[in-house]
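> Would you be able to build a 3D model of this:
(one chain, ligands or ions: 2)
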Amino acid sequence: MIPRVLSIAGTDPTGGAGLHADLKAIAAAGGYGMGVVSSLVVQNTQGVQQVHTPEPEFLRAQLKAVSDDVVIDAVKIGMLADETSTQVVVEWLDEVLFSTHESEVPIIVDPVMVASSGDALADSVSHELLHRASIITPNLDELALLLHQPPAKNPDDMVKQAQELAQSTGSLVLAKGGHLPGKDKGNFLVGTSSVIAHAKSPQITTTASHGTGCSLSSALACRIANGDSLPDAVQWSTAWVREALEFGENLQVGHGNGPLDHFHRLRRQAQFSLQVPHSTISSPSRRQAVVPAAGPFTQQLWELAGDALDRFSQESIVPALMQGTLNAEQFHFYVEQDDYYLQVYSSVLARLSSLAPHEEERKMWAKAVTQTITVEQEMHREFPLPNIVEPSPLTLAYTDFLRAEVASDYVVGVAAILPCFWLYAQLSEYLPEEIKDDHPYKLWIETYRDEEFLCATAQALEVMEHQLTHASNAQREQARNAFVRACSLEADFFTQALLIDPR
Ligand SMILES: Nc1ncnc2c1ncn2[C@@H]1O[C@H](COP(=O)(O)OP(=O)(O)O)[C@@H](O)[C@H]1O
Ligand SMILES: Cc1ncc(COP(=O)(O)OP(=O)(O)O)c(N)n1
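Numbers count the residues shown, from 1 in each chain. Ligands and ions are numbered 1, 2, ... in the order given. A predicted model of the protein is given here:
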């Protein structure tokens with residue numbers, strides 16, 4: 001279940017704090033975020049300029065719109081600019097949320113009063129609201145203000161104050177150490193008589209700290225709704241905020257205290273998923289694909305094609321074929337093997353067409369069968385080929401591999417056939433600018449420009465991307481292996497003619 005978390009908060013047009021930060025934090029913590037606007041705040045990374053608080057009726061209507069329609073798994077309450085807004089929220093909690101939701105909904109109250117710029121956002125936070133919280137998340141100054149005491153100067157005093165607040169409200173208190181002097185900026189979850197959890201947050205020196213408090217309390221709400229234990233939820237949210245703080249400056253947002261990078265982990269994961277598994281191949285491709293990848297999965301395949309592509313373009317018959325210097329005997333051998341290959345290839349495409357889960361894909365593979373048969377017929381017209389071609393051991397290894405892979409699984413079969421489209425389409429990159437009339441292979445190499453084939457390659461890539469997006473991890477792994485093996489066989493296929501002894 002994906003936790004549905006409602007944030008009731010003010011806005012930040014620069015996206016770093018308030019409701020905007022909350023929604024990002026909830027998404028980063030794995031939930032679905034919803035937002036009710038309590039105040040419209042004109043602010044940026046340098047400070048707060050204006051606050052407009054809508055009529056209480058408008059706030060009430062927003063809350064009703066959400067709770068009439070959606071089961072809410074957790075609520076995070078941030079800025080409530082005045083007593084009237086607080087009253088509307090308290091009434092909604094009592095009359096709607098607590099009475100209509102069967103299980104207890106965690107309520108995380110972040111008692112927002114002052115922004116880090118020093119600007120006031122709310123006069124106070126009423127105890128009526130604090131009493132209804134499951135957890136209150138004050139920073140050092142907010143904790144002191146709520147207790148009418150001076151701010152604590154060390155973690156022990158902060159915990160003592162948190163305990164006092166827990167006793168006076170009956171709620172748990174997450175005392176946030178972001179403003180404590182010293183190297184640890186960690187957090188303590190405190191009950192009336194004990195510390196329930198402590199998460200360390202070794203100090204990061206950064207200017208990108210706008211919205212840390214909002215983000216932490218939203219992530220916490222989401223992890224609790226997700227079913228994490230309280231200590232786990234505190235650990236997760238603290239570690240995640242620290243990570244987001246660490247990379248916030250890269251975003252280069254604003255001239256003041258910029259925001260955290262809420263999605264840094266996601267960016268890293270995306271990068272990781274595009275990396276080449278070092279067990280399979282060493283050097284990622286340095287070439288731009290003539291037909292571009294259709295998304296991250298096919299982009300990863302392109303990276304995996306690196307070594308084979310280098311062999312294909314530099315060590316095979318390709319350079320000599322393009323320059324017209326390829327020995328006629330070797331060219332003939334290549335064409336014969338290609339003829340055999342195309343016969344098996346069209347039967348493999350036909351099998352893919354029969355296995356494809358969607359009509360569009362079925363039609364696409366079937367069209368590729370027709371195109372292949374047409375190419376084969378043209379070859380027979382242009383070149384004197386025997387009726388039965390004897391496949392070389394390498395050609396046989398390639399075609400047997402394709403037959404086996406397509407029989408094992410549709411997704412793996414598509415991955416196995418893909419290099420024949422993609423690497424072949426890449427040939428157009430190596431064509432000479434001008435093909436002279438006396439070029440012995442002019443007719444042959446001009447077909448490498450075939451628009452229809454490039455278009456079919458783009459479609460095959462779309463299919464691969466779609467299939468890998470919906471595949472299991474095991475299928476993806478098998479597909480990657482099949483693709484890498486097929487790239488290597490494709491490169492060998494184009495190289496084998498150089499191994500025969502030209503007369
Ligand atoms: N410089 C920092 N280094 C490491 N963690 C930090 C730092 N600043 C804030 N944090 C983390 O972010 C949390 C919230 O920040 P804090 O400044 O206390 O709240 P607020 O933004 O509400 O003022 C802290 O409790 C801590 O976990
Ligand atoms: C609309 C709104 N709500 C809350 C804050 C304060 O956010 P916080 O996470 O405490 O971060 P700082 O602003 O203190 O960096 C806000 N600015 N705006």
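
> hang on, residue 348 packs against residue 404?
No. Using C-beta atoms under 8 Å, residue 348 is not in contact with residue 404; the gap is 10.2 Å. The way it works is simple: take the backbone N, C-alpha and C, and place the C-beta from them, glycine included.

> Which one's more surrounded, the two?
Legend: neighbour count by other C-beta atoms under 10 Å for residue 348 and residue 404, higher for residue 348 (24 against 13).

> Now do the contacts for the more buried one.
Residue 348 sits next to 402-403, 406, 413, 417 when contact means C-beta atoms under 8 Å, 6 or more residues apart in numbering.

> what's the farthest-apart pair in those residues?
403 and 417 (10.8 Å; C-beta to C-beta).

> okay, these two: which has more neighbours?
Taking other C-beta under 10 Å, residue 403 and residue 417 do not tie; residue 417 has more neighbours (25 against 16).

> residue contacts, that one?
345, 348-349, 352, 402, 406, 460, 486.

> Pipe those residues into JSON lines and attach pLDDT per row.
Below are these laid out as JSON lines (pLDDT from 0 to 100):
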{"residue": "345", "pLDDT": "95"}
{"residue": "348", "pLDDT": "96"}
{"residue": "349", "pLDDT": "96"}
{"residue": "352", "pLDDT": "96"}
{"residue": "402", "pLDDT": "95"}
{"residue": "406", "pLDDT": "90"}
{"residue": "460", "pLDDT": "96"}
{"residue": "486", "pLDDT": "95"}
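
> Excluding chain neighbours, what is closest to residue 331?
Distances taken as C-beta to C-beta, 6 or more residues apart in numbering place residue 441 nearest to residue 331, at 6.7 Å, with adjacent residues excluded.

> And for residue 109?
Nearest residue to residue 109 in three dimensions, chain neighbours excluded: residue 133, at 3.9 Å (C-beta to C-beta, 6+ apart).

> So the one you found: helix, strand or coil?
Using DSSP: H, G, I helix; E, B strand; the rest coil, the structure places residue 133 in coil.

> Can you list the strands that the longest strand along the chain pairs with?
Ranked by number of residues, the top strand in the chain under DSSP state E is strand 32-44. Its sheet considered, strand 32-44 pairs with strand 4-10 (parallel), strand 47-52 (antiparallel) by DSSP bridges.

> Could you check that strand against ligand 2 for contacts?
Yes. Strand 32-44 is in contact with ligand 2 by C-beta under 6 Å from any ligand atom, via 41, 43.

> In this structure the residue nearest to residue 109 contacts residue 107, no?
Yes. Residue 133 lies in contact with residue 107 (C-beta under 8 Å); the separation is 5.1 Å.

> Now do residue 265: how many residues are near it, please.
Residues within reach of residue 265, counting by other C-beta under 10 Å, total 14.

> how close does it sit to residue 364?
With distances taken as C-beta to C-beta, to the nearest Å, residue 265 is found 37 Å from residue 364.

> same deal with residue 27?
Here the distance between residue 27 and residue 364 works out to 35 Å (C-beta to C-beta).

> still on that earlier bit, tell me the contacts of the residue nearest to residue 331?
By C-beta under 8 Å, 6+ apart, residue 441 lies in contact with 321, 324, 326, 331.

> Present these as JSON lines; the columns should include distance to residue 212, neighbour count and pLDDT.
Formatted as JSON lines, the contacts of residue 441 follow (distance: C-beta to C-beta, whole Å; neighbours: other C-beta atoms under 10 Å; pLDDT from 0 to 100):
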{"residue": "321", "distance to residue 212": "61", "neighbour count": "23", "pLDDT": "86"}
{"residue": "324", "distance to residue 212": "66", "neighbour count": "15", "pLDDT": "87"}
{"residue": "326", "distance to residue 212": "65", "neighbour count": "22", "pLDDT": "88"}
{"residue": "331", "distance to residue 212": "67", "neighbour count": "19", "pLDDT": "89"}
